[in-house]
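In: Got a predicted structure plus its sequence, pasted below:
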Amino acid sequence: MSVLINVPETAAPGEIVTIRILIQHPMETGFRTGRDGALVPRDIIESVACLYQGEEVFRADLFPAITANPILSFHLRAGETGRVEFVWTDNSGVTARDGRLLTVA
Amino acid sequence: MIRAAVLAGIVLALPAGAQDRRTGYDDMSPALQAMQDDPMNPAAFWLIDGEALWSEPAGTRGQSCADCHDAAEDSMAGVAARYPAWDEEQAAPVDLNGRIALCRDRHQGAGPQDRADPDILALLAYVTHQSRGMPLTPDPDPRLDPARARGETLFTTRMGQLNLSCAQCHDDNSGGHLAAALIPQGHPTGYPQYRLEWETLGTLERRIRGCLTGVRAEPFAPGSADFIALALYLQSRAAGLQVETLPIRP
């Protein structure tokens, strides 16, 4: 499973920047049946959070109706230079994280 | 030069209505076009995987694609615009999907490959990306002509319980609707494509399988001669249109 994160490399102090994350994930609903007629187990991301300067700046709860390979986009006010860090958790409790450095100058 | 002349001949041979050709991209909503134009679209995952696989040793010989072909940016440019092409060993036409599977079997020693294998699909996306924006240029090899003619026959042959030919929808009624879905002209400019309905990347073969089951006909077997024939005809019908990557379709 890959992830693509879009954070501008540099920003001016106080500038509002767009942050985007695209996560490769099947987002299997748990409502569908496979070829054998049995339910395909649910496999979805349940929450995505973004941390910046040691503070949670964004959180989203995801549900079975969300598309596979979801993309999330939001705005952030640039403060100090630091990592924009994402943490996401699936319904089996597995957590992954990745981030990018935002240089504020 | 010769190829350009052949191309001009094919374009002139098209029916009058085909001069105003529209791709699936032209017919998409601005929102979906923006999604395709954004390099951060979900098809990018297959491109990333394909790029990694290109230089990763595979099979019993431990050779990578790059060991023979070097940088894909140079060696694979225009390949996706030209395929299907003639395979000497099989003495039959082969599409790019089949060529990649054959290469893995013959040169890397990885054994017979499933055409729909995720690795093959990722390599297909990566190789196709090297032809981005290039015009579809049918291979002028005359040995392909019988298959191309067979493809045209298939295109205009009524099939399935609904007794419809490809041409009845995609030539005669393109621009109209089947329920809410727009009927496209059926130009294979954007394959493999990330289809929102599939929520994954899929090939032209998968798309045509959807059409055939839609008219309740028996789908072509994977990589069958009939499918390659139809792909050859579709490509000559779309000659000159640009290869799209990374394609998104509804």
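Out: Cool, got the structure. Residues are numbered from 1 along each chain as shown, chains lettered A, B, ... in the order given.

In: Every contact and neighbour count from this point should use C-alpha atoms.
Out: Will do.

In: C-terminal to the lowest-mean-pLDDT helix or strand in chain B, what's the next element?
Out: Counting by mean pLDDT, DSSP states H and E, chain B has its least confident helix or strand at helix B:2-12, which shows a mean of 47. Moving toward the C-terminus from helix B:2-12, the next helix or strand (DSSP states H and E) is helix B:24-27.

In: What lies in contact with that next one?
Out: Outside helix B:24-27, the residues that touch it by C-alpha atoms under 8 Å, 6 or more residues apart in numbering or on different chains are B:33, B:182, B:184-187, B:190, B:249.

In: Ok, stretch B:107-123 next?
Out: Under C-alpha under 8 Å, 6+ apart, the answer for stretch B:107-123 is B:46-51, B:53-54, B:58-64, B:97-98, B:100-102, B:104-105, B:192, B:201-203, B:222-223.

In: Ends of it, what's the gap?
Out: 15 Å (C-alpha to C-alpha, to the nearest Å).

In: do stretch B:166-184 as well
Out: For stretch B:166-184, the separation between the terminal residues is 11 Å (C-alpha to C-alpha).

In: Buried by neighbour count: which residues of it qualify?
Out: Within stretch B:166-184, the residues scored as buried using 16 or more other C-alpha atoms under 10 Å in any protein chain shown are B:166-167, B:169-171, B:174-175, B:183-184.

In: Which other helices and strands does the helix or strand hosting residue B:167 contact?
Out: Take DSSP H and E as the rule and residue B:167 turns out to sit in helix B:166-170. With contacts taken as 3 or more C-alpha pairs under 8 Å, 6 or more residues apart in numbering or on different chains; DSSP states H and E, helix B:166-170 sits against helix B:145-155.

In: Double-check residue A:3 against residue A:20; I have them as touching.
Out: No: using C-alpha atoms under 8 Å, residue A:3 makes no contact with residue A:20, being 10.6 Å away.

In: Residue A:93 looks like it's in a helix, true?
Out: No: with DSSP: H, G, I helix; E, B strand; the rest coil as the criterion, residue A:93 is assigned coil and is not in a helix.

In: burial count for residue 25?
Out: I went with chain A, as the question did not name one. Residues lying near residue A:25 (other C-alpha atoms under 10 Å in any protein chain shown) number 17.

In: Chain B was what I was after
Out: Using other C-alpha under 10 Å, residue B:25 has 18 other residues around it.

In: One more: residue B:39?
Out: Neighbours of residue B:39 under the rule other C-alpha under 10 Å: 12.

In: for it, what are its contacts?
Out: Residues in contact with residue B:39 (C-alpha under 8 Å, 6+ apart) are residue B:246.

In: Check the one 5 residues further on too.
Out: Listed by C-alpha under 8 Å, 6+ apart, the contact partners of residue B:44 are residue B:246.

In: Against residue A:61, how distant is it?
Out: Between residue B:44 and residue A:61 the computed distance is 24 Å (C-alpha to C-alpha).

In: ok, now residue B:245?
Out: 32 Å.

In: Looking at these two, which has the bigger crowd around it?
Out: Neighbour tally, residue B:245 and residue A:61, criterion other C-alpha under 10 Å: the higher count belongs to residue B:245, 26 against 11.

In: I'd like to know how many residues surround the closest residue in space to residue B:190 that isn't next to it in sequence.
Out: Nearest non-adjacent residue to residue B:190, counting by C-alpha to C-alpha, 6 or more residues apart in numbering or on different chains: residue B:244, 4.8 Å away. Neighbour count for residue B:244, taken as other C-alpha under 10 Å: 25.

In: and chain B, which of its residues are near chain A?
Out: Within chain B, the residues that sit near chain A (C-alpha under 8 Å from any C-alpha of the partner chain) are B:40-42, B:45, B:199.

In: who touches the helix holding residue B:167?
Out: Helix B:166-170 is touched from outside by B:154-158, B:183-186, with contacts defined as C-alpha under 8 Å, 6+ apart.

In: try stretch B:134-154
Out: B:3, B:6-7, B:78, B:81-86, B:93, B:165-166, B:189, B:226-236, B:238-243.

In: What's the mean pLDDT across that stretch?
Out: Averaging pLDDT along stretch B:134-154 gives 97.

In: Could you give the separation of that stretch from the chain centroid?
Out: Distance, stretch centre to chain centre, for stretch B:134-154: 13 Å (C-alpha atoms, centre = their mean, to the nearest Å).

In: Which stretches in chain A count as helices?
Out: Taking DSSP state H as the test, none of chain A falls into helices.

In: Tell me the confidence at the residue of it most remote from its centre?
Out: Residue farthest from the centre of chain A, counting by C-alpha atoms, centre = their mean, is residue A:36 at 32.7 Å. On pLDDT, residue A:36 comes in at 94.

In: Now do it against residue B:51, distance only.
Out: Distance, residue A:36 to residue B:51, by C-alpha to C-alpha: 35 Å.

In: Just the endpoints, please. Distance across stretch B:209-221?
Out: Termini of stretch B:209-221 sit 9 Å apart (C-alpha to C-alpha).

In: contacting residues around that stretch?
Out: Contacts for stretch B:209-221 (C-alpha under 8 Å, 6+ apart): B:159-164, B:208, B:226-227.

In: The closest residue in space to residue B:187 that isn't next to it in sequence: neighbour count?
Out: The shortest distance from residue B:187 to any non-neighbouring residue, by C-alpha to C-alpha, 6+ apart, is to residue B:238 (5.5 Å). The tally of other residues near residue B:238 (other C-alpha under 10 Å) stands at 26.
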